[in-house]
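In: Could you work out the structure for the sequence below:
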Amino acid sequence: MIKIHATAEVSNPELIGDGTFVWNNTQIRENVRVGEECVIAKNVYIDHDVVIGSRVKIQNNCSIYYGVEIEEGAFIGPHVVFTNDKFPRAINPNGGLKASTDWEMSKTLIKYGASIGANATILCGITLGKFCLIGSGSVVTKSVPDFALYLGNPAKFKAWVCKCGRILPKSGCEVCHTTMEAVNANTNK
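Out: Residues are numbered from 1 along each chain as shown. This next block holds a predicted model:
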């Protein structure tokens, strides 16, 4: 059973998986596919044709635009913004208002288990790797490898992290048992 708050605006509720919660003042546009057991918090905007896997948490006030795909188990922190056009303009070179067909959308992929901290901005046309961690307030301008911690503006590599999000010691994580060998196997494909 899905739960959709009375103030939420959901174009195709039949495309939302079982056990998903959609909270107040959220807008989910046409043809958005959402997996099972997701939490979509207050005041989230999800543009048309976005794909969201199962067990994804999207916190308050996020903007997720057309062209974004979020795989299972990802965490999207409060106020995260995804872009979808590398050359945005309101008008065409002739001064006329751009139509929806004038936009040059670039796809963005957020892989399994990735986490994005509060107030981060994710530029379009990139991939965020499995279990990567993006620090709060970061501006991500290029693809991020699996298990990498990226911070800053522009975001840069800081360290390797484990599946539970801690900086990975050379000896491996005592909590989730992620090892540097596992990280290397994923990042050297």
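In: Going by C-alpha atoms from here, please, whenever you check contacts or count neighbours.
Out: Fine.
In: does the closest residue to K86 other than its chain neighbours sit in a helix, a strand or a coil?
Out: Nearest non-adjacent residue to K86, counting by Cα to Cα, 6 or more residues apart in numbering: C124, 6.7 Å away. Put simply, C124 is coil when judged by DSSP: H, G, I helix; E, B strand; the rest coil.
In: going forward can the numbers begin at 616, since that is how I track them
Out: Okay, residue one is now 616; in that scheme the one you just asked about reads as C739.
In: residues in contact with stretch 751-760?
Out: Residues from elsewhere that reach stretch 751-760 (Cα atoms under 8 Å, 6 or more residues apart in numbering): 731-739, 741-745, 747, 765-770, 802.
In: just the buried members of those residues?
Out: Neighbour counting with 16 or more other Cα atoms under 10 Å marks 731-739, 741-745, 747, 765-767, 770 as buried within the contacts of stretch 751-760.
In: related to what we said a few turns ago, roughly how far apart are the residue nearest to K701 and V754?
Out: 11 Å (Cα to Cα, to the nearest Å).
In: Please apply the same query to D664.
Out: Remark: distance between D664 and V754 (Cα to Cα) = 24 Å.
In: Looking at the two, which one has more neighbours?
Out: Neighbour count, other Cα atoms under 10 Å: between D664 and V754, V754 has more, with 21 against 17.
In: Residues in a beta bridge with the more buried one, which ones?
Out: For V754, the beta-bridge partners are T736 (DSSP bridges).
In: shaky segments in this protein?
Out: Residues of the chain meeting the criterion pLDDT under 70: 803-804.
In: can you do 80?
Out: Applying pLDDT under 80 to the chain flags the ranges 801-804.
In: hey, where'd the helices end up in the chain?
Out: Under the criterion DSSP state H, the chain contains helices at 795-802.
In: Which residues are in contact with I741?
Out: Applying Cα under 8 Å, 6+ apart, the residues near I741 are 722-724, 756-759.
In: ok, so of those, who is nearest E684?
Out: Closest approach to E684 among the contacts of I741 (Cα to Cα): L724, at 5.0 Å.
In: Report the beta-bridge partners for that closest one.
Out: The partner residues for L724, given DSSP bridges, come to E684, T742.
In: Distance check, R648 against G767.
Out: Distance from R648 to G767, by Cα to Cα: 31 Å.
In: Sorry, wrong one. I was asking about A705.
Out: Applying Cα to Cα, the value for A705 to G767 is 28 Å.
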